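*Asks:* Need a 3D model of the sequence below.
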Amino acid sequence: MSDESIGGDGATAAVEVGNADRRVRQRFVARRHGRPCFWVLADSGRLALNDLSLEGFSAPFPQPPHGEFEVVLQREGVPDEIRGRATVVNQVPGPAGAAVGCRFSRLSAEDAERLQEWLVAHVIMSATVRITEKDALAIVQGRSLV
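*Replies:* A predicted model of the protein is given here:
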């Protein structure tokens with residue numbers, strides 16, 4: 001399937017014009033039971049993500065990538081991968097180094113759908129109360145609360 005620029009419907013992301021470093025969709029901490037569960041492969045190697053959303057992610061890159069760069073996302077314990085391109089939109093200093101915020105600039109429709117499935121499963125597995133797939137999908141597609 002060919003790559004396409006991401007847009008604002010369903011499994012794909014929307015970015016507010018004029019504030020491209022802010023995600024519109026809800027973001028999720030990329031840990032489960034205190035352990036990393038989502039990873040990114042880039043030139044810096046395999047890094048545990050800080051958070052993940054339909055629009056992007058943040059990770060502790062030792063050296064932030066420049067311009068648009070290729071990424072491969074991995075989910076702990078799952079052989080699937082998500083391939084795309086991303087752009088750095090911000091950097092926030094932290095005690096363990098800078099957290100680098102990245103926005104997806106290109107995901108195929110298939111990879112955008114897979115990302116949504118991963119996040120729905122993550123919400124269901126992380127919930128402390130019983131939650132349906134429909135409710136989890138609404139949370140994943142919902143507006144950011146941060």
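*Asks:* Tell me which residues of the longest helix seen in the chain come out buried.
*Replies:* Longest helix of the chain, by residue count under DSSP state H: helix 109-126. Using 16 or more other Cβ atoms under 10 Å as the test for burial, helix 109-126 gives 109, 111-112, 114-120, 122-124. To be clear about C-beta, it is placed using only N, CA and C from the backbone, and glycine gets the same treatment.
*Asks:* Residue 38 and residue 132: what is the separation?
*Replies:* For residue 38, the distance to residue 132 (Cβ to Cβ, to the nearest Å) stands at 23 Å.
*Asks:* and the two? which has more neighbours close in?
*Replies:* residue 38 (27 against 10; other Cβ atoms under 10 Å).
*Asks:* Contact partners for the more buried one?
*Replies:* Going by Cβ atoms under 8 Å, 6 or more residues apart in numbering, residue 38 touches 30, 48, 49, 52, 57, 73, 74, 75, 76, 118, 122.
*Asks:* Would you mind measuring from it to residue 67?
*Replies:* 23 Å.
*Asks:* Partner strands of the helix or strand in which residue 80 is found, with direction?
*Replies:* Using DSSP states H and E, residue 80 maps to strand 78-92. Paired strands of strand 78-92, with direction, are strand 68-75 (antiparallel), strand 99-108 (antiparallel) (DSSP bridges).
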